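Enquirer: just to be clear, the model below is a prediction. Sequence and coordinates:
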Amino acid sequence: MKAKVLVDNITKNQWKAEWGLSIYIEYNGHRILLDTGTTEAFAENADQMGVRLEDVEFGVLSHAHYDHSDGLGEFFKRNPTAKFYLQKSAEENCYSRKNFLFKKYIGIHRGYLETYKDRIVYADGDLEVIPGVTLLAHRTPGLADTGRKAGMYVKKNGRWKPDDFSHEQSLVFDTKEGLVIFNSCSHGGADVIVCEAFTGNVILKLYEGVGATLIHMVKQGMMATLRSKIGALLVKPALKTTLKAFDASQYGGAPLLGLKGLVVKTHGSSKRTEVRNSIIQCVTFKEQQINEKIKESLTVGNGKTEEIKE
């Protein structure tokens with residue numbers, strides 16, 4: 001994996017600098033662009049660095065502010081095919097409060113979302129774009145308070161609301177060394193972003209690690225002496241069934257709950273056994289009407305049911 005900062009507000013060499021950010025990333029043979037800065041400076045620096053923007057497969061907009069998005073026009077001119085991923089809530093409606101009366105527009109260049117609508121893909125929450133590369137949306141409550149304290153607002157239906165940064169997303173890479181998180185401004189808070197990215201992954205990795213270690217230790221103990229080997233032969237059928245319960249590959253992946261459909265998220269390195277068992281898990285969920293039971297439980301507990309996401 002390799003990342004190059006194409007532009008930011010500080011430079012110590014010949015590259016142009018501006019109040020903005022753009023990062024070029026190479027990952028497992030894929031070329032990705034995160035943000036485009038404020039002007040065409042990112043593209044000019046890319047030329048000098050030997051980065052071919054026309055080879056970028058897709059782009060990601062970290063959030064709907066001008067200093068990360070106003071170079072979109074230049075990128076689309078240089079690259080005629082790549083899509084750019086935004087969160088569904090990204091609009092041209094972000095402002096910074098200067099005082100009680102005046103709010104300065106700091107959003108995406110007005111008109112860009114309509115002009116380049118054929119090049120923009122909206123993610124409704126988390127989205128795995130390619131294996132190992134995920135867009136992670138905020139799911140932490142109370143971020144509107146963070147926006148209010150920072151003096152950041154959005155204008156919706158003619159009314160001012162503190163920005164809850166629902167338009168912000170992290171770009172997360174799954175590598176052998178662990179997760180690598182890119183979040184250009186971390187408006188939601190660096191602690192929030194890291195927790196959102198790692199919490200689910202830590203639980204999954206813990207289970208996988210405990211299961212693999214347990215299986216290894218049992219097998220090692222059974223093969224330690226002649227007596228234990230004889231004992232292993234006697235208990236082998238029952239032991240095999242028991243240890244299967246701790247083998248992560250037997251489950252395939254983790255279900256994403258709260259959706260109308262059936263989604264089981266598998267690991268990027270999953271083999272055919274995991275994929276097969278993930279499909280079986282989906283079939284089982286359908287047969288047992290898990291979504292319907294969750295919805296019924298919520299109705300019984302709250303007296304009403306919130307709309308479930310598509």
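Expert: Nice, I can see it. On a predicted model such as this, the values are computed, not experimentally measured, just so you know.
Enquirer: run a quick neighbour tally on the residue nearest to D145 when sequence neighbours are not counted.
Expert: The shortest distance from D145 to any non-neighbouring residue, by C-beta to C-beta, 6 or more residues apart in numbering, is to P162 (7.1 Å). (Each C-beta comes from the backbone N, C-alpha and C, glycine too.) Neighbourhood size, P162 [other C-beta atoms under 10 Å]: 18.
Enquirer: same check on Q87?
Expert: For Q87, the number of neighbouring residues by other C-beta under 10 Å comes to 24.
Enquirer: now do the phi/psi pair for it.
Expert: Comment: the main-chain dihedrals of Q87 come out as phi -70, psi 150, following degrees, to the nearest 10.
Enquirer: without its sequence neighbours, what residue ends up closest to G125?
Expert: In this structure, G125 finds its nearest non-sequential neighbour in A137, 4.7 Å apart by C-beta to C-beta, 6+ apart.
Enquirer: with E168 instead?
Expert: With C-beta to C-beta, 6+ apart as the measure, H63 is the residue that lies nearest to E168, at 4.0 Å, once sequence neighbours are left out.
Enquirer: doesn't that neighbour belong to a strand?
Expert: No - secondary structure assignment (DSSP: H, G, I helix; E, B strand; the rest coil) places H63 in coil, not in a strand.
Enquirer: picking up where we left off before, which residues touch the residue nearest to D145?
Expert: Applying C-beta atoms under 8 Å, 6 or more residues apart in numbering to P162 gives the contacts A144, D145, G147, R148, M152, Y153, V154.
Enquirer: report the buried residues of the helix or strand harbouring the first one.
Expert: A144 belongs to helix 143-149 when elements are defined using DSSP states H and E. Neighbour-count burial for helix 143-149, counted by 16 or more other C-beta atoms under 10 Å, picks out L143, A144, T146, G147.
Enquirer: and the helix or strand following it, what other elements does it pack with?
Expert: Sequence-wise, the next helix or strand beyond helix 143-149 is strand 152-156, with elements assigned using DSSP H and E. For strand 152-156, the helices and strands in contact under the criterion 3 or more C-beta pairs under 8 Å, 6 or more residues apart in numbering; DSSP states H and E are strand 94-97, strand 159-162.
Enquirer: as JSON lines, the ones you listed with mean pLDDT would be great.
Expert: Listed next are the helices and strands packed on strand 152-156 as JSON lines, based on pLDDT from 0 to 100:
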{"stretch": "strand 94-97", "mean pLDDT": "92"}
{"stretch": "strand 159-162", "mean pLDDT": "92"}
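Enquirer: and among these, the most buried is which?
Expert: With neighbours taken as mean count of other C-beta atoms under 10 Å, the helices and strands packed on strand 152-156 reach their highest mean count in strand 94-97, at a mean of 19.
Enquirer: give me the buried positions along stretch 70-79.
Expert: So, applying 16+ other C-beta under 10 Å, buried residues of stretch 70-79: D70, G71, L72, G73, E74, F75, F76, R78, N79.
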